[in-house]
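Asks: take a look and give me a structure for this.
(chains A and B)
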Amino acid sequence: MSTQSETGGDAVPSVHRNFIQAVIDADVAAGRDGGRVVTRFPPEPNGYLHIGHAKAICLNFTIAEEFGGRCNLRFDDTNPVREDAEYVESMKEDIRWLGFDWGAGEHYASDYFEQLFDFALELIEKGLAYVDDLDAAEMRAYRGTVTEPGRGSPHRERTPAENIALFQSMRAGEFPDGSRTLRAKIDMASPNMNLRDPVLYRILRVHHLRTGDAWCIYPMYDWAHGQSDAIEGVTHSLCSLEFENHRLLYDWFLDNLSTTYRPRQYEFARLNLTYTLTSKRKLIRLVEEDLVEGWDDPRMPTLSGLRRRGYTPAALREFCAGIGVAKFNSTVDMVKLENSLRDDLNRHAQRRLAVLRPLRVVIANYPEGETEQIEAVNNPEDEDAGTRKLPFSRTLYIDRNDFREEAPRKFFRLAPGREVRLRYAYCITCDEVVKDPESGEITELRCSYDPQTARGQTPDGRKVKGIIHWVSAAHAFDAEVRLYDHLFATPDPSGVEEGEDFTSNLNPDSLERLQHCKLEPSLADAEIGEHFQFERQGYFCVDTTDSAQGRPVFNRSVSLRDAWARIEKKGTQR
RNA sequence: UACCCCGUGGUGUAAUUGGCAACACAUCUGGUUUUGGUCCAGACAUUUCAGGUUCAAGUCCUGGCGGGGUAACCA
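Replies: You can find the predicted model right below:
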């Protein structure tokens, strides 16, 4: 198992102990389970893993590692109508990618179907479970409501012998789907709805991804989960807050069964993130209604989407370590996620020059036909990254954002009569703005350079505050670059007006495709999945799906922090 | 309306048996800088409210207020 940063082993240990670590500290100190710590991550294979799962994965695996224990990967495959082997594979891939290793601990709840069946027999023999003939609607009526007690089913008092025979017949396929259930006999008046004789088994003739057609009865979550934990020797079973009310039931089963181990369930708050959703149902809608391009669309909060967007395992793990674990239902600011990516990539991504919205610049006093090679640093945060050469010539491209015909206050980039430095190269002054006579659009800038200002020098000591990036026109490499923004325009996408749903909060500008961006020539060899910082703009990676050999497509993973954008925004708000 | 859980800067988490409210991110102000990036320094809270216990309460007790969860043969 590895929780070290994949890109450098520099993950910062969290300073604070969360409440779960505190519980385990105490358990270990008290010698419970002989000081053994076993956790598990128990996804249902019915969808793709997302950033919320990453929190649970990191929690379970890092706790196991911290206490010298292990963490199992257990697929909770108890409902074959929604589950598929495709999801099993994608989940394993995502967890491995995050950097965690479950070793021999790959399990399936379905591995325990036979033993679960025996446990059910044990419960029946003890008079604690019975076969019920009520259908779903009747059962709901008998259950009562949250404020009114329920009533016992007319079949509640069958004898153990009768129940055993009936349950065996259920398994043998003698009854139609949905006609009977096995229920625990607990308390139909309990204020905790989970204790009002919960269903243990339902009849379902559906092909199961692992057991095929061997079973026509399938266990419910509550019945399978705690016993699976016990079978695996799990000591601390961590789940999300909505299972708090299930803990009584979890304990009731274990207390009434002859299991060897006695796991304990602890609940923590699941992750909420601004400008995004982690509801499985809603994510499915986005995919099925083609509101995104699939589960791995770079705007999706799925791990496959984040991976394609350019998120690194180290950034995700650092994020998960930084948000903490508690019982308070909170919402983490998306900038926190973005910042953990910036942190990682700042240290590890090589810098490149890329012009996304090209504006032609001709340096009138630079010799025609001449090219010089200018040295550029690959990563100022990492000396070992070395340097590279950039071709410089008379005709360049700069970004349209870096030129204004009328420069606002505090704008210290290029404008008529103004001087800026071309990064790593010379200072240039804008002498003339060339426009299309018909459209009025700026087509070219005529500039002059100062030969004395190579490599950051200004012999006369004058200050040139503005520094902009550039690419030599003749050497530039054309590519498509995709700029991604939040999938949703509002911090809480599920908050909507009457009659609308979350899709009305989608951000219409979440994707901007730029064709014919002008990139420095070295980028032509960029490999799929490789990360770069395009200087002054952001972190980009080579798209894994739409890139071809020698024709990379770049995704913006996250922009750089932009002080000028903030100044400008403040100005327009006044 | 019943039961369960939770309320600490803008956000997310800390705070030993009750003992100077800490850390990170964000924001703002400065500094460094051939990325308006990074980095460095500083600023930013009467711990939801009201009582009570105590020399001392974020922490313990009572009550209020606010938020979340729970009535699938889903997980």
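
Asks: mind checking pLDDT for residue A:549?
Replies: With respect to pLDDT, residue A:549 scores 86.

Asks: and it, how far from RNA strand B?
Replies: Distance of residue A:549 to RNA strand B, given as Cβ to the nearest atom of the strand, to the nearest Å: 29 Å. Yep, even glycine has a C-beta here, placed from its N, CA and C like the rest.

Asks: ok, the residue of chain A found nearest RNA strand B - contacts?
Replies: Relative to RNA strand B, the nearest point of chain A is residue A:456 (1.3 Å; Cβ to the nearest atom of the strand). Neighbouring residues of residue A:456 by Cβ atoms under 8 Å, 6 or more residues apart in numbering: A:421, A:424.

Asks: so residue A:407 makes contact with residue A:420?
Replies: No: here residue A:407 does not reach residue A:420: they are 10.8 Å apart, not a contact under Cβ atoms under 8 Å.

Asks: neighbour-wise, which of these two wins?
Replies: Remark: of residue A:407 and residue A:420, residue A:420 carries more neighbours, 23 against 16, as counted by other Cβ atoms under 10 Å.

Asks: helix, strand, or coil at that one?
Replies: Taken by DSSP: H, G, I helix; E, B strand; the rest coil, the conformation at residue A:420 corresponds to strand.

Asks: check whether stretch A:201-208 contacts RNA strand B.
Replies: Yes: among the residues of stretch A:201-208, A:202, A:203, A:204 lie within reach of RNA strand B under Cβ under 7 Å from any atom of the strand.

Asks: just send those back as TSV, with pLDDT too.
Replies: Below are these laid out as TSV (pLDDT from 0 to 100):
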residue	pLDDT
A:202	98
A:203	98
A:204	97
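
Asks: just checking, which of those residues belong to helices?
Replies: With helices taken from DSSP state H, there is no overlap with these.

Asks: low pLDDT regions in chain A?
Replies: Along chain A, the parts satisfying pLDDT under 70 run over A:1-15, A:572-574.

Asks: domains in it, by residue range?
Replies: Here the domain parsing of chain A from automatic domain parsing is A:37-270, A:273-348, A:351-476.

Asks: so what does the helix or strand harbouring residue A:116 touch, helix or strand wise?
Replies: Taking DSSP states H and E as the definition, residue A:116 sits inside helix A:113-125. The contact analysis (3 or more Cβ pairs under 8 Å, 6 or more residues apart in numbering; DSSP states H and E) places helix A:113-125 against strand A:129-132, helix A:160-171, strand A:181-184, strand A:199-203, helix A:221-232.

Asks: buried ones in that helix?
Replies: The neighbour-count check on helix A:113-125 (16 or more other Cβ atoms under 10 Å) flags A:113, A:116, A:117, A:119, A:120, A:121, A:123, A:124 as buried.

Asks: likewise for stretch A:501-521?
Replies: In stretch A:501-521, counting by 16+ other Cβ under 10 Å, buried: A:502, A:505, A:506, A:510, A:511, A:517, A:518, A:519, A:520, A:521.

Asks: what's the answer for stretch A:211-221, then?
Replies: Those would be A:211, A:215, A:216, A:217, A:218, A:219, A:220, A:221, for stretch A:211-221 by 16+ other Cβ under 10 Å.

Asks: can I get those in TSV with distance to RNA strand B?
Replies: Compiled in TSV, these are given as follows (distance: Cβ to the nearest atom of the strand, whole Å):
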residue	distance to RNA strand B
A:211	14
A:215	13
A:216	11
A:217	9
A:218	7
A:219	7
A:220	4
A:221	3
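
Asks: mind listing which of those residues are in helices?
Replies: Among the buried residues of stretch A:211-221, DSSP H puts residue A:221 in helices.

Asks: who's the closest spatial neighbour of residue A:265, skipping the chain neighbours?
Replies: The shortest distance from residue A:265 to any non-neighbouring residue, by Cβ to Cβ, 6 or more residues apart in numbering, is to residue A:237 (4.6 Å).

Asks: surely the one you found meets residue A:229?
Replies: Yes: contact criterion Cβ under 8 Å: residue A:237 and residue A:229 qualify, at 4.7 Å.

Asks: quick one: common contacting residues for the two?
Replies: Common neighbours of residue A:237 and residue A:229, using Cβ under 8 Å, 6+ apart, are A:40, A:263, A:265.

Asks: of these, which is the most crowded?
Replies: Highest neighbour count within the shared contacts of residue A:237 and residue A:229: residue A:40, with 28 neighbours (other Cβ under 10 Å).

Asks: many thanks, have a good one.
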